[in-house]
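Q: just need the structure, nothing else, for what follows:
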Amino acid sequence: MGRDALVGTIAKIVGPRHCLTEARQTARFRKGFRAGGGDAALVVIPGTLVEMWTVLEAVIAADCIVIMQAANTGLTGGSTPDGAYDREAVIISTLRLDRIDILDGGRQIVSQPGGTLFALENRLKPLGRQPHSVIGSSCIGASIVGGVCNNSGGALVRHGPVYTELSLYAERTASGTLRLVNHLGIDLGETPQDILGRLDRGPIDPAAVRYGTGRASDDGYAARVRDVEAATPARFNADPRGLFEASGSAGKVAIFAVRLDTFPVVAEPKVFYIGSNDTAAFARLRRRLLSELSELPISGEYLHRDCFDVAHRYGKDVLLMIHWLGTSRLPRFFALKGALDAWFAGRKFWPKALTDRALQALADLLPEALPKRMLSFRKAYEHHLILNVPGTIAEETERLLNETIGSDGWFACDPAEAKKAMLHRFAAAGAAVRYAAVRPQEVEDILALDIALRRDDQDWFETLPAEIEAKIDRKLYYGHFLCHVLHQDYALKKGADPKAIKATMLALLDARGAEYPAEHNVGHVYAAKPALAGHYRSLDPTNSFNPGIGKTSRLRLHGKVCDCAERSGPDLAQEITGLAR
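A: Numbering: from 1, shown residues only. Next comes the predicted model:
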């Protein structure tokens, strides 16, 4: 099937409005939030799961590459094209497929591929439950399925990386056949049309749901993160414990639905704001919080003072927007911003990063966003920690704070301070992107590293060689301190070589026994380690879905079989299967 014929077929399935072919229409789907970008023959936005299956059949029949995409909020470009391929690429956007079904009174959920964490949080709130991750990490409008694909972690210490063994997905087998796999643990029918049509119609019949058929969360993480003497990280993307079918799949299959556990909301939490100029004091505090408290904290979010400063200015508009408008309107706002960015990028007479420049000019006129006590701590302390604990262990926590930090180094936040502190932390990741966008004359690029330190590593704050320091304009350190997962963004000076600096950085991390990436997955930025690369090959032996992810082969059949065009049948299928294994 040629390109024109494929476009005509797809347009009949989803309607011309949802079959995009012009470069300006597809630009925002082809460019990653922070990294990645490339060409695609078309972008398809199906409106039902049955449509998505039919689209997949047509795309596979045309021997095109499939790139699945949801919110496109990833930081490593894992859901966009990247570089050259040996076949044309088709992006399937699942934004319209956002249905979320609640199971067992809210203890579990089933999300279609476009469901977002924002929407799930709102659905669960009246039930006293919450998702595996909530606002406070790195992304605005992140999708639930995207988190599963990437074993995303998040800020909530007790929950660990998102994981499930219960999913519904399509794979292309070694023989080239498209096959639907129903491992949801829900009886939905026999044929793809029956199964997907039943989910499209909703709601799910409770009698069809089977329990005890597989894990729907990383239920061993709480014990793992408490083990502060272990010489390995608590969580990282290449950890084989998190790789199972859809979990950690990074777009190597087409996911139609996932089933996940939810978690009880902790009643009456207490938030402490902590400052110190002593990294050893923070290390001692972390170890004691994890090993001595009778319950695990809810979250522990770190910011360095330099990151505080950049987020204070370049993330102010995001902080105030969420504070004033809530989170529900943000996905539409950023979708509009993405569309405007794409429109302006196609017109040479407009300056680069026009929307970011305009938003920053507005932000500079807005009133002060942060509470006075936070600003006072910024002046006094280099290292900042926002610690959220259940009210039941507030007194235990205060005792540990006094013994490790001292009574002058912390304060208990009132509700307004707690909200602003967490939003300030949340705005940090986007602030790095804004900083680079509005200062192109000073910043060559943002080098973003996502690392997991050993659980027993007490020397957690890095010291860089002088020759590397000289090439960095700003260093932005923030992350999930109790999990020992840090996001380290470096605004490189004009003329610096990002690839060479990154290679040096990764070698330093290897020497420290760190793992990377920790939770944002490899995308097209990191090389997949053997366990992860093997997971990708086993899921997608023909390399039809998201080829090149993790710097793996972009070629049909992973480039391992060169004469496949002249052979077919069982022998070829057996050879491909053996190679994948």
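
Q: use CA for all of it now, contacts and neighbours both
A: Noted.

Q: where along the stretch 51-200 of the chain do the strands fall?
A: 65-69, 89-93, 100-103, 108-111, 129-130, 167-172, 178-182 (DSSP state E, counting those that start in this stretch).

Q: find the nearest non-adjacent residue to residue 495, please.
A: Spatial nearest neighbour of residue 495, chain neighbours left out: residue 444 (6.1 Å); criterion: CA to CA, 6 or more residues apart in numbering.

Q: tell me the SS of that neighbour?
A: At residue 444 the chain is in strand, as set by DSSP: H, G, I helix; E, B strand; the rest coil.

Q: relative to residue 492, which of the strands of the stretch 51-200 of the chain is closest?
A: Closest approach to residue 492 among the strands of the stretch 51-200 of the chain is made by strand 65-69 (29.4 Å; CA to CA).

Q: state the mean pLDDT of that closest one.
A: Per-region confidence: strand 65-69 scores 97 on mean pLDDT.

Q: ok, now stretch 212-227?
A: pLDDT averaged over stretch 212-227 gives 96.

Q: the residue nearest to residue 495 and residue 491 touch, don't they?
A: Yes. In this structure residue 444 lies within contact range of residue 491 using CA atoms under 8 Å: 7.4 Å.

Q: of those two, which one has the most company?
A: residue 491 (24 against 20; other CA atoms under 10 Å).

Q: ok, and the closest non-adjacent residue to the more buried one?
A: Counting by CA to CA, 6+ apart, residue 491 lies nearest to residue 446, which is 4.7 Å off, once chain neighbours are set aside.

Q: just the strands in the stretch 451-581 of the chain please.
A: Along the stretch 451-581 of the chain, the segments classed as strands by DSSP E, counting those that start in this stretch run 472-480, 485-493.

Q: and the helix or strand that residue 274 is a member of, which residues are buried?
A: Per DSSP states H and E: residue 274 is located in strand 270-276. Residues 270-276 are the ones in strand 270-276 that count as buried (16 or more other CA atoms under 10 Å).

Q: same list (the strands of the stretch 51-200 of the chain) but as JSON lines, adding distance to residue 352 and mean neighbour count.
A: Putting the strands of the stretch 51-200 of the chain into JSON lines (distance: least, CA to CA, whole Å; neighbours: other CA atoms under 10 Å) gives the following:
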{"stretch": "strand 65-69", "distance to residue 352": "26", "mean neighbour count": "26"}
{"stretch": "strand 89-93", "distance to residue 352": "26", "mean neighbour count": "25"}
{"stretch": "strand 100-103", "distance to residue 352": "38", "mean neighbour count": "20"}
{"stretch": "strand 108-111", "distance to residue 352": "37", "mean neighbour count": "22"}
{"stretch": "strand 129-130", "distance to residue 352": "39", "mean neighbour count": "22"}
{"stretch": "strand 167-172", "distance to residue 352": "40", "mean neighbour count": "22"}
{"stretch": "strand 178-182", "distance to residue 352": "42", "mean neighbour count": "17"}
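
Q: quick one: those as TSV, columns for distance to residue 198 too.
A: Below are those laid out as TSV (distance: least, CA to CA, whole Å):
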stretch	distance to residue 198
strand 65-69	22
strand 89-93	21
strand 100-103	12
strand 108-111	13
strand 129-130	26
strand 167-172	13
strand 178-182	13
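
Q: of those, give the one that comes closest to residue 30.
A: Closest among the strands of the stretch 51-200 of the chain, using CA to CA: strand 89-93, at 8.1 Å.

Q: now the closest one against strand 65-69, angle please.
A: 30 degrees (axes from the mean of the first three to the mean of the last three CA atoms, to 10 degrees).

Q: residue 127 touches residue 106, doesn't it?
A: Yes. Counting by CA under 8 Å, residue 127 touches residue 106, with 6.5 Å between them.

Q: who has more neighbours, these two?
A: The residue with more neighbours, out of residue 127 and residue 106, is residue 106; 20 against 13, by other CA under 10 Å.
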